[in-house]
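Asker: I'd like to go over a predicted model; first the sequence, then the structure.
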Amino acid sequence: MALGLSVIFGVVRVVNFAHGEMMTIAMYAATVLFAALGLDPFLCVLPAALAFFLFGYLLQAGLINPFITRPEHSQFMLLVAVAIIMVNALLMVFGPSARNVQVDYQLESFEIGKILVDKARLFAALAAVVTAGLLFSFFRFSLVGKAIRACADNHLGALVVGLDVKHLYALTFGLGSVCVAVAGCAMVLLVDVTPALGPAYTLLAFVIVIVGGLGSMPGALLGGVLIGVSEAMAGLFIAPSAKSMFSFGLLILILLFRPQGLLGKKT
Amino acid sequence: MLIALPLFAGNYALSVVTLILYFAYTGQAWNVMMGFAGQLSLGHSLYVGVGAYAAGGLFFHYGIGPWAGLPLAILLCVALGLVIGFLAFRFGISGVYFALLTIAFAEFTRIGFDHLDWLGGPGGMFLKVAQRDVWDVLNFRGPPLMYYYAMLGLCCFAFLLCFCLLKSKAGYYWQAIRENEEAAQALGINTFRWKMLAVAISSAMTAVSGVFFAFYYNNLFPEQIFHISRSIEIILGPIIGGVGTLFGPILGAAVLTLLSDGITDGLAALGWEIPGIKQVFYGVVLLAVVMFLPNGIWPFIAKKLKL
């Protein structure tokens, strides 16, 4: 999920404050598909990704593009409003109670040496790695990917060589949303979903992305692993409820001493 | 007119106006930092919370009234603000990164307070509710009317303060920094010092609102008071009303609070009682305002009135 945020910020330079809320929508989509068609959440990834790509594209093309040149607080407001609408639309449709998805392999686990690994968690991690790999190769090798990187590097330059920057921005937002969709479908297996889940995950994604480096894809993965491990350690050695304090502490330190993140480029 | 309002308004209307004034005041405080000096803070709940807990804690544990708690709250918040400002401005953090830094500090403190059992921890801290009909100004306990006048006074004070600030040397320096920090620096303005001053004033003003919050609502939960949604509430008013203007925060707070109440009443009248529908409307209106009035409502009105 953090990958999506990083992609969006890295190119479009808009901080998506509705990120966690979008993931919550994906989680609901997965539960609905599961309940209606009995579709495994990992198979839901395909329709959800497609729908989210369109959704992200339209969101960027319709709402966010006119805001690109406006000051940050204006963009921030826009996305906060979008987030408010999303959370409460979910509340209207699905009600406040938690939902989840149950599949057979949820309770199964692999044994690697002496370590037990949940099947669901392993699949989720695999999905993340595969998405990251696809995304990375897209940006690296395809022509459109290169064009998007050109926009990120130099907005004006991209305009001058005749790239349709707005279209590319929308495309990028769509791709970021795809990451969110994948994350949402995988998360359904790990946690119960409620409408109010969004803001906490938005914050978590921020922490991860900044620690790794805003706009850097390997950074987002590294940040995710780092935050995950350090939260688990803090939960183990200090107190489970204090674990996110540790993350925010880490975030403050990173912001102060290496604001571009661990793997980010200096701007 | 506002002074005479309690004569003909009921308790409900009074509480609504008190809420408007509260948001107008905190918005004004935030505006000093963002609107005047251009430093986007998304962590103002930090100062509300610390101010509230400082004064509330003194009252709760030692029975010391808010008049002693107030200076302590201000002192603590200014110190905190200066620490954050010092770190951020020394290391040259600005824009989105500065905003995220303020969020990080607020969240950090929230979880910290969750583990401070002395101040109630996650279970919250409850101040003793006093008789609602006696004006106990010394302990700031009394009927809603007293809180109303207190807030009205604070708002007038904040408005005058901002007016003077904006016309003072500091105000012009801030605006120069806001528009172009490098140019301001080149002209010999010590941008670091002036930005610190903005943070100090803003955090001190917000601390006062925190004290008010503690004694008005009588209960404090870290989960609520430090939460990012509280920071967002604070900044919605000035952004909707018009960032960097004097009337913007007041107008924005009034519009938003009345809007939210109006939607509740309107939906109740229509008989639509779906949870969440109110916030959806609210979100749509916010969206419309930022889309069509990017500078806020006040500049738009001012232009129409040729002010």
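Answerer: Perfect, thanks for sending it.
Asker: closest point of chain A to chain B, which residue?
Answerer: A:L91 (3.2 Å; CB to the nearest CB). Heads up, the C-betas are built off the backbone N, CA and C, glycines and all.
Asker: Near chain A, which residues of the stretch 51-200 of chain B are found?
Answerer: Counting by CB under 8 Å from any CB of the partner chain, the residues of the stretch 51-200 of chain B lying close to chain A are B:87-88, B:91, B:93, B:95-97, B:99-101, B:103-105, B:107-108, B:111-112, B:114-115, B:122.
Asker: From these, list the buried ones, please.
Answerer: Neighbour counting by 16 or more other CB atoms under 10 Å in any protein chain shown classes B:87-88, B:93, B:96-97, B:99-101, B:103-105, B:107-108, B:111, B:114 among those as buried.
Asker: Sitting in strands, which of those do you find?
Answerer: For these, not one is inside strands, with DSSP state E as the criterion.
Asker: counting contacts, what elements does the host helix or strand of B:R193 pack onto?
Answerer: With elements taken from DSSP states H and E, the one containing B:R193 is helix B:191-217. Applying 3 or more CB pairs under 8 Å, 6 or more residues apart in numbering or on different chains; DSSP states H and E, one finds that helix B:191-217 contacts helix B:11-31, helix B:45-62, helix B:66-90, helix B:144-167, helix B:169-179, helix B:181-186.
Asker: Can you give me the buried ones in the first one?
Answerer: For helix B:11-31, the buried set under the neighbour-count rule, 16+ other CB under 10 Å, comprises B:14, B:16-31.
Asker: And the pLDDT for residue 95?
Answerer: All of this is about chain A. Confidence at A:G95, expressed as pLDDT, is 71.
Asker: Actually, chain B is the one I wanted.
Answerer: The predicted local distance difference test score for B:G95 is 73.
Asker: can you pull out the helices in chain A?
Answerer: Using DSSP state H, the helices of chain A run over residues A:2-12, A:19-37, A:41-58, A:72-94, A:119-141, A:143-153, A:155-160, A:165-187, A:198-212, A:217-237, A:243-257.
Asker: Take the ones you listed and lay them out in CSV including mean neighbour count.
Answerer: Conversion of these to CSV gives the following (neighbours: other CB atoms under 10 Å in any protein chain shown):
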stretch, mean neighbour count
helix A:2-12, 27
helix A:19-37, 23
helix A:41-58, 20
helix A:72-94, 21
helix A:119-141, 15
helix A:143-153, 17
helix A:155-160, 13
helix A:165-187, 26
helix A:198-212, 24
helix A:217-237, 18
helix A:243-257, 19
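Asker: Mind telling me which of these the model trusts least?
Answerer: Lowest mean pLDDT of the helices of chain A: helix A:2-12, a mean of 63.
Asker: between the helix holding B:R193 and helix B:66-90, how many degrees?
Answerer: Using axes from the mean of the first three to the mean of the last three CA atoms, to 10 degrees, the inter-axis angle of helix B:191-217 relative to helix B:66-90 is 150 degrees.
Asker: Show me how far the helix or strand following helix B:191-217 is from its chain's centre.
Answerer: In the C-terminal direction, the helix or strand that comes right after helix B:191-217 (DSSP H and E) is strand B:219-220. Relative to its chain's centre, strand B:219-220 lies at 17 Å (CA atoms, centre = their mean, to the nearest Å).
Asker: With stretch A:30-40 instead?
Answerer: Between the mean C-alpha position of stretch A:30-40 and that of its chain there is a distance of 22 Å (CA atoms, centre = their mean).
Asker: any weak-confidence spans in chain B?
Answerer: B:1-9, B:120-121, B:123-124, B:128-140, B:142, B:271-276, B:306-307 (pLDDT under 70).
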